[in-house]
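Q: Just to be clear, the model below is a prediction. Sequence and coordinates:
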Protein chains: 2
Amino acid sequence: MTKKTYDAVVLGAGPAGEVAAGRLADGGWKVAIVERDLIGGECSYYACMPSKALLRPAGVLAEAKRIPGVPVADDAALDPAAVLARRDVVIHDQDDSGQLPWLEERGIDLYRGAGHFVGAGRIAVGEDELSAARAVIVATGSGAAMPPIAGLDSVRTWNNRDATTAKKVPASMVVLGGGPVGSELSQAWASLGTKVTLVDPGDHLLGREEPFAGEEVAAALSGRFGVDVRLGTEVESVRAGGAGVVAELRDGGAVEGEELLVAVGRKPHTEDIGLEAIGVEADEHGFLTVDDRMRVGGRDDLFAIGDVNGRALFTHIGKYQAWIVAENLLGREVVALAEGIGSPRVTFTDPQVASAGKTLAEAEAAGIDAHAVEVPTDGAAGASFHGKGTGGRSRLVIDRATDTIVGATFTGFETADFLQAATVAIVAAVPLARLRHVIAPYPTRSEVWLKLLEKWEAGDRG
Amino acid sequence: MTKKTYDAVVLGAGPAGEVAAGRLADGGWKVAIVERDLIGGECSYYACMPSKALLRPAGVLAEAKRIPGVPVADDAALDPAAVLARRDVVIHDQDDSGQLPWLEERGIDLYRGAGHFVGAGRIAVGEDELSAARAVIVATGSGAAMPPIAGLDSVRTWNNRDATTAKKVPASMVVLGGGPVGSELSQAWASLGTKVTLVDPGDHLLGREEPFAGEEVAAALSGRFGVDVRLGTEVESVRAGGAGVVAELRDGGAVEGEELLVAVGRKPHTEDIGLEAIGVEADEHGFLTVDDRMRVGGRDDLFAIGDVNGRALFTHIGKYQAWIVAENLLGREVVALAEGIGSPRVTFTDPQVASAGKTLAEAEAAGIDAHAVEVPTDGAAGASFHGKGTGGRSRLVIDRATDTIVGATFTGFETADFLQAATVAIVAAVPLARLRHVIAPYPTRSEVWLKLLEKWEAGDRG
């Protein structure tokens, strides 16, 4: 057993852990980072990055087909092998050696293995024991949750890792869960030729978003991508058979696929990290509860950031939380703000769903005198240059008491980068009367803002 | 002579005039609008809209080529006839009848012809004389300026109208002026096969933008589009000859082209509108000087909006000014704000140049303790999904005294819709410390904001 002392030990080298380790090292701290899998984390190799690499080609091809003069036939199809090869480049063939120089430059010591607490501020990794003089930061992330469905452990299933890294295009697939992961991967594989059946118990896909968002994604999946979307029903049991796996539905029918992708939520990695050794308990879902400085149990030497604290399971939120922790540890007081106001988020389907803050229903539930203003996303002149019929809706949720925006949703073709303006307006609580002076250049798609504010002026201004 | 009385008479039915007329009519006013050319104005038929229709296909094709798996050959070229046909659809074949229902629905009377003042509040159009009981709004716009170059009136020249509506692709073209119009149209025609020579007296293209912006556009024009970019020289004289027109340069050389596009600035339409009948004089450049409510000479019954007042010659600014005038006339006091802070603007070349507020040089000249923070536009993970090497730079100009953004420039592939977030931050004077809580979703290109703010934190924070 080799013992070594650091200022901070970071458990988990995903995006949140890396940012925390890097900022503390940049601030002069001696830092160790512990990772049992790949440096870069779930997001880089098994989630955000490969899924976008699989999704983007279909979006580009669709746009090319919409624009007269671009030499693409109406029936042109993607080359799946080339798309998968590009995906492999994006995820560096799951080789994380490219990440090592970044750690080395900062003098961060990397320990490969499953770390676990053996006492307050003490982490064991294999033969090593690391002591943290100032702080331990838990950033162990999450993995795919497995629902209690009869027979699920008797068949081969895919989780997000399998579905983002598969080397061949399955002929058919059943997808359980119509959240962002299930919706994105249904579209990605359908665009490469897989016959997809998507099953979700909700009334609409993307249950946490404005209802129209999920309805538009379902319409696109069913229509352009040929996905069989089954809403309002659940899988009761699964068994081997048919094309590979057969799933019996609660409403009596059955669906089958060569693969079965389970995308019903995430489970934090807290079970095997020795929490009992430090007298900390995770909540009923396994998350580590933290305050607005990401402190666990109010301690100044124990933090949890990223998926593992359950506040908002997004890479960008984890990186933000890492910044909060590092700033405070380095003596610059700062308290998390953005999550309380509402995490921005994007589902990268086509149509994309980009949203921040509260949905109308959430705002009403929070007791806000909320009002929604809505216009077509493709109504501005600038949208025409991306082709006809890109569709989508843009909604602002307005707090009438303050005349500020508390939520925004933009659906349609490539709306991800529309969101930042709304997030600025929400986080800075910019009054609508001031936003009316923020001019969108003509002819850009950003004129959707002008349309939204004109709508507000015409009928809804206080 | 038929006499008729209105609450307001709007001279010019371009975007600014249309918005003013429409808002006043919606507010219950009886409105006349006078137009000697097409309803919808220069922008719809001869400027913003057709130029973007000509530019966009090359951008889409380039992106399709960058994304593996999209079935486009590396040497695939645009179909110029299809691009020109789509351009004609966008400009409605220069038929403005589609605009008439919008006027009719609002009860706005249209007078076709060249209107001119015959007295205070009195406009003659052909056989009609219109009296404005409350206000006349001058929105006559601008046309291409012609520089005093020897021989220019002896040869056939193109202005923006000819260059945006041409029915065939010229074999070669000389472009005078490397501002937004000259740069955009050089690229558009080069992408369709024209051999273009672009001449500008400045050190770099886009003289009003950050120097790096013009340098990047010049590099793209010379490199990918094969344009012969001649900087730091002027055309001394032109004559018929060679491929069509020969231009002798000050530095001794000569360039020639089948067509000669003159894109050296704009001239307001104020010469023949009878200003003398109301005792108003335009400034030395022909513009009508206005205050922050767009009042001419401080009068409450005479306004000038859009290009004709010379404040900022952009369609979106004209529409904003129209809103200012209508709000005040309808009893809701509002003063123009955004132009003083800095007009947002986009040059739709590839790379695009999107900017708002002040350049670094402008901020310094204004006595601001200005500091520029800069990062690559394609440095965020989200950029990789648009292909390798999209390049570009993103710069924030920061006022150190207030730690707010006073200017922003984003160059690169499709940056137009990045701008809105910066414009919100500038117009609402959001402190950088607050902007640091505005999270950009991963993996979107908007993470350029995270990179900018990290750069500021790392080295430049007060």
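A: Here it is on my side, so go on. Please read these numbers as outputs of a predicted model, since none were measured by experiment.

Q: Now do the helices in chain A.
A: For chain A, applying DSSP state H gives helices covering A:15-26, A:41-46, A:48-66, A:80-90, A:100-105, A:160-165, A:180-191, A:211-223, A:315-329, A:338-341, A:360-365, A:419-427, A:432-435, A:448-455.

Q: Could you check the longest one against chain B for contacts?
A: It stands for helix A:48-66. Yes. Contact of helix A:48-66 with chain B is found when judged by Cβ under 8 Å from any Cβ of the partner chain, involving A:48-49, A:52-53, A:56-57, A:60-61, A:63-64. C-beta: built from backbone N, CA, C; applies to glycine.

Q: Next: the fourth one.
A: Yes. Residues of helix A:80-90 are located near chain B by Cβ under 8 Å from any Cβ, namely A:80-83, A:85-86, A:90.

Q: what's the angle between that helix and helix A:48-66?
A: With axes from the mean of the first three to the mean of the last three Cα atoms, to 10 degrees as the criterion, the two stretches helix A:80-90 and helix A:48-66 enclose an angle of 140 degrees.

Q: related to what we said a few turns ago, dump the helices of chain A to TSV, plus mean neighbour count.
A: What follows is the helices of chain A, written out as TSV (neighbours: other Cβ atoms under 10 Å in any protein chain shown):
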stretch	mean neighbour count
helix A:15-26	26
helix A:41-46	25
helix A:48-66	23
helix A:80-90	18
helix A:100-105	13
helix A:160-165	21
helix A:180-191	26
helix A:211-223	20
helix A:315-329	25
helix A:338-341	18
helix A:360-365	16
helix A:419-427	28
helix A:432-435	20
helix A:448-455	21
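
Q: any idea which of the ones you listed scores lowest on pLDDT?
A: Here the helices of chain A differ in mean pLDDT, and the lowest is helix A:338-341 at a mean of 77.

Q: need the contact list for the residue most central in space within chain A.
A: A centroid search over chain A (Cα atoms, centre = their mean) returns A:Phe314, at 4.4 Å, as the residue closest to the centre. When the contact criterion is Cβ atoms under 8 Å, 6 or more residues apart in numbering or on different chains, the partners of A:Phe314 are A:343, A:345, B:441-442.

Q: what does the stretch 1-150 of chain A have sitting close to chain B?
A: Residues of the stretch 1-150 of chain A lying near chain B by Cβ under 8 Å from any Cβ: A:15, A:26, A:43, A:48-49, A:52-53, A:56-57, A:60-61, A:63-64, A:67-72, A:76-83, A:85-86, A:90.

Q: Measure how far the helix or strand of chain A with the lowest mean pLDDT is from the centre of its chain, please.
A: Of all regular secondary-structure elements in chain A, judged by mean pLDDT, DSSP states H and E, the least confident is helix A:338-341 with a mean of 77. Using Cα atoms, centre = their mean, to the nearest Å, the distance from the centre of helix A:338-341 to the centre of the chain it belongs to is 16 Å.

Q: CA atoms only: put that helix into CSV for me.
A: Backbone C-alpha positions of helix A:338-341 (Å, rounded to 0.1, in the frame of the first residue of the first chain) are rendered in CSV as follows:
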residue,chain,number,x,y,z
ALA,A,338,-28.2,28.7,-13.3
GLU,A,339,-29.7,25.4,-12.2
GLY,A,340,-32.1,27.1,-9.9
ILE,A,341,-33.2,29.3,-12.7
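
Q: How is chain A partitioned into domains?
A: Structural domains of chain A, as assigned by automatic domain parsing, span the residue ranges A:2-40+A:96-143+A:267-339, A:152-264, A:351-460.

Q: So which of these is nearest B:Ala254?
A: With respect to B:Ala254, and counting by Cβ to Cβ, the nearest of the domains of chain A is domain A:351-460 at 36.7 Å.

Q: so does that closest one get close to chain B?
A: Yes. With Cβ under 8 Å from any Cβ as the criterion, chain B is reached by domain A:351-460 at A:354, A:381-382, A:384-386, A:416-421, A:423-425, A:427-428, A:430, A:434-447, A:449-450, A:458.

Q: could I get the helices of chain A as CSV with distance to B:Val10?
A: Putting the helices of chain A into CSV (distance: least, Cβ to Cβ, whole Å) gives the following:
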stretch, distance to B:Val10
helix A:15-26, 55
helix A:41-46, 54
helix A:48-66, 36
helix A:80-90, 53
helix A:100-105, 60
helix A:160-165, 57
helix A:180-191, 48
helix A:211-223, 37
helix A:315-329, 47
helix A:338-341, 42
helix A:360-365, 38
helix A:419-427, 31
helix A:432-435, 25
helix A:448-455, 18
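
Q: right, so of the ones you listed, which gets closest to B:Trp102?
A: Taking Cβ to Cβ as the criterion, B:Trp102 comes closest to helix A:448-455 out of the helices of chain A, the separation being 14.1 Å.

Q: Output the contacting helices and strands for the closest one.
A: The contact analysis (3 or more Cβ pairs under 8 Å, 6 or more residues apart in numbering or on different chains; DSSP states H and E) places helix A:448-455 against strand A:370-376, strand A:393-399, helix A:432-435.

Q: Tell me which of those is the most buried.
A: Of all those, strand A:393-399 carries the top mean neighbour count, a mean of 25, counting by mean count of other Cβ atoms under 10 Å in any protein chain shown.

Q: and that strand, average pLDDT?
A: The pLDDT scores in strand A:393-399 average 98.

Q: neighbouring strands for it, and are they parallel or not?
A: Partners of strand A:393-399 in the sheet, by DSSP bridges, are strand A:370-376 (antiparallel), strand A:404-412 (antiparallel).

Q: so can I have TSV of those strands showing mean pLDDT?
A: Formatted as TSV, the entries for those read as follows, by pLDDT from 0 to 100:
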stretch	mean pLDDT
strand A:370-376	97
strand A:404-412	97
